[in-house]
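**Student:** okay, predicted coordinates and the sequence, questions at the end:
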Amino acid sequence: TGNLITAKCTEINQLPYAPLRLLLDDLLNLLEASYQKNPQDYILKVKKLASGSEALLSHFSPKISFILNTSQKELSIDVDADKFNEMVARFFLDIFNSLGQTLLIIDDIQWIDQSSLTLLRNISRNLSETSTFILLASRNEDIYHSVLDKNVELLKSNLKYEIELRPFSSDDTKIYIKNL
C-alpha cells in the first residue's frame, strides 16, 4: 500500500506556490497520521527534516511555522529565489522519503503559477531518490496548448512519460460511475 495525495491548480488562485503549499499541508497530515500514537515524535521528525531551514520553511508554510512554533514575523530569510526553491524542494523530498510509496496527482497543470512550476521542476530533478511518483494532468483543449507547451518544456528534462488521453464519452462516464 502507499499514499495518495491530490492537488489542483486553479485559474482563479494564482498566488505563488498555492497548489504546492496545499500539497505540503496534506503531506504533513499524512506524516502526522503515521505518528498518531506518539504525536511528540511527529513534531521531532518535522523539526529534524526542517533543520537548518526553519525560517525559510516557516515562510513557505504556516503549518510548518505552527509545528515549529515560530512566528513568521520574527524570522528573516536572506536567500535568493533559486536557493529558496532548492531548500523547499529538499524538504519535500525528505518528506517523501519519510512517507514511503506516494502518488501525487496535480490536476489542471495548465493553470500552475510560475513559482509552483519552478519548485516542481526542482522537486522532480531528484525525485528518483524517493518512492514517489508525480502525475500531472491537464485539459487538452486548444486554448490551453500554448500555456501547457511552455509548462511541459520547463519540466521536459524530468518527464518520464506523456500520455494523451481522449475525453470520456457519455457512455464512458456512465461506465466509470457504475464501477465506483
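**Tutor:** Sure, I can see it. Numbers count the residues shown, from 1 in each chain.
**Student:** pLDDT score for Leu75?
**Tutor:** Model confidence at Leu75, given as pLDDT, is 52.
**Student:** let's number from 218 now, not from 1
**Tutor:** Okay, residue one is now 218; in that scheme the one you just asked about reads as Leu292.
**Student:** in which helix or strand does Arg338 reside?
**Tutor:** helix 331-342 (DSSP states H and E).
**Student:** any idea which helix or strand of this protein has the worst average confidence?
**Tutor:** Across the helices and strands of the chain, mean confidence by mean pLDDT, DSSP states H and E is lowest for helix 362-372: a mean of 59.
**Student:** can you give me the buried ones in the helix holding Arg338?
**Tutor:** Ser332, Ser333, Leu334, Thr335, Leu336, Leu337, Arg338, Asn339, Ile340, Ser341 (16 or more other C-beta atoms under 10 Å). C-betas here are computed from N, CA, C, even on glycine.
**Student:** now swap in stretch 274-290 and tell me
**Tutor:** Buried, per 16+ other C-beta under 10 Å, within stretch 274-290: Leu274, Ser275, His276, Phe277, Ser278, Lys280, Ile281, Ser282, Ile284, Leu285, Thr287.
**Student:** stretch 252-264 now?
**Tutor:** Neighbour-count burial for stretch 252-264 [16+ other C-beta under 10 Å]: Tyr252, Tyr259, Lys262, Val263.
**Student:** any idea where the strands of the protein begin and end?
**Tutor:** 220-225, 319-324, 349-353 (DSSP state E).
**Student:** possible to save these as TSV with mean pLDDT?
**Tutor:** As requested, those are arranged in TSV below (pLDDT from 0 to 100):
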stretch	mean pLDDT
strand 220-225	91
strand 319-324	89
strand 349-353	86
